[in-house]
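A.B. asks: the sequence isn't on hand, but the structure is:
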């Protein structure tokens, strides 16, 4: 079942955003809604998003909806995305710049404060997403386009942690901005009805708060709690729990574990900046794509046919 493309105007942070919505899949309100923000300026960006979507499709048998909110990418870089029948797409045709920005620009060569525009754009994409999903949805998950689920059951695991006082569950806790730590918006699920009830927002307040940090802080203020996975980013010694035979052993990316030490979620990091050539350190794009498509998806598919 699908809907014809529709256009909508959304007033967000005092600015009107014209969005073209392509609805390909419709699931129940209880199916988690996965919102991924994209900005595809070249083939690198496209390959990152494709790998993410392929990982979601392969490792997520549970009922869910994927929503990609694209922030004004060139139309020719989006045709492949519109051809996918497993992804709902929202095309934002307005450059998502903060109020202090007078004209559209990328971050190449800009002063350091203007490089924060990327955080603002990410927040706009997520804010668009929460306005176009079914308002009765019970759970929403925010993801970066340079992430990839890598184990069946990952979504059910995170969902199982949202119980009682725990109303959000994520793959990584960050302590770079607050001593207690906040869930990183690269991958966390939240009770959407409570999100709306508390009037939460995803906008950053840099440098104190980055995109999505406000959700953790406001949930705690309201007396709720969060769950976060063990992750190798801040605890590289956790690599010792990974089998020597695993293709993820020693790979320099975020690796999040479930309670049984299975790796369930990966994050490359600096995806958009990698696509512009600004960020070149760490695991290479070729290595990232090889691990996802060959070591994980292809090998998993082969095992299911044995």
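C.D. replies: Ah, there it is. No experiment lies behind these values; they were computed from the predicted model shown. Numbers count the residues shown, from 1 in each chain.

A.B. asks: need the nearest residue in space to the most centrally placed residue in the chain, chain neighbours excluded.
C.D. replies: What sits nearest the mean C-alpha location of the chain, by CA atoms, centre = their mean, is residue 143, with 1.0 Å. By the measure of CB to CB, 6 or more residues apart in numbering, the closest residue to residue 143 outside its immediate chain neighbours is residue 36, 4.8 Å from it. Placement of C-beta: from N, CA and C, glycine included.

A.B. asks: hey, what's that neighbour bridged with?
C.D. replies: For residue 36, the beta-bridge partners are residue 68, residue 143 (DSSP bridges).

A.B. asks: mind listing the strands for the stretch 201-306 of the chain?
C.D. replies: Assigned by DSSP state E, counting those that start in this stretch, the stretch 201-306 of the chain shows strands spanning 225-228, 230-231, 254-257, 263-267.

A.B. asks: three-state assignment of residue 167?
C.D. replies: Here residue 167 is recorded as strand under DSSP: H, G, I helix; E, B strand; the rest coil.

A.B. asks: so it sits against residue 220, correct?
C.D. replies: No. Counting by CB atoms under 8 Å, residue 167 stays clear of residue 220, with 10.2 Å between them.

A.B. asks: out of those two, which sits in the busier spot?
C.D. replies: residue 167 (25 against 14; other CB atoms under 10 Å).

A.B. asks: residues contacting that one?
C.D. replies: For residue 167, the contact set (CB atoms under 8 Å, 6 or more residues apart in numbering) comprises 190-191, 194, 219, 224-226.

A.B. asks: among these, which are in helices?
C.D. replies: 194, 219 (DSSP state H).

A.B. asks: most surrounded residue in the contacts of residue 167?
C.D. replies: Comparing the contacts of residue 167 by number of neighbours (other CB under 10 Å), residue 190 comes first, having 26 neighbours.

A.B. asks: bridged to the closest residue to it other than its chain neighbours, which residues?
C.D. replies: Among residues not flanking residue 190 along the chain, residue 168 sits closest, at 4.2 Å (CB to CB, 6+ apart). Beta bridges link residue 168 to residue 190, residue 226, judged by DSSP bridges.

A.B. asks: quick revisit: pLDDT value on the residue nearest to the centre of the chain, please?
C.D. replies: Reading off the confidence values, residue 143 has pLDDT 97.

A.B. asks: so which strand or helix has residue 125?
C.D. replies: Using DSSP states H and E, residue 125 sits in helix 117-132.

A.B. asks: other residues contacting that helix?
C.D. replies: 8, 10, 12-13, 17, 19, 21, 33, 35, 37-39, 67, 69-71, 90, 92, 96-98, 101, 105, 107, 110, 140, 142, 185, 192, 195, 201-204, 206, 210-212, 272-273.

A.B. asks: wait, residue 269 touches residue 282, no?
C.D. replies: Yes. Residue 269 sits in contact with residue 282 when judged by CB under 8 Å, with a separation of 6.6 Å.

A.B. asks: joint contacts of those two?
C.D. replies: residue 253.

A.B. asks: partners of residue 263 in the sheet?
C.D. replies: For residue 263, the beta-bridge partners are residue 257 (DSSP bridges).
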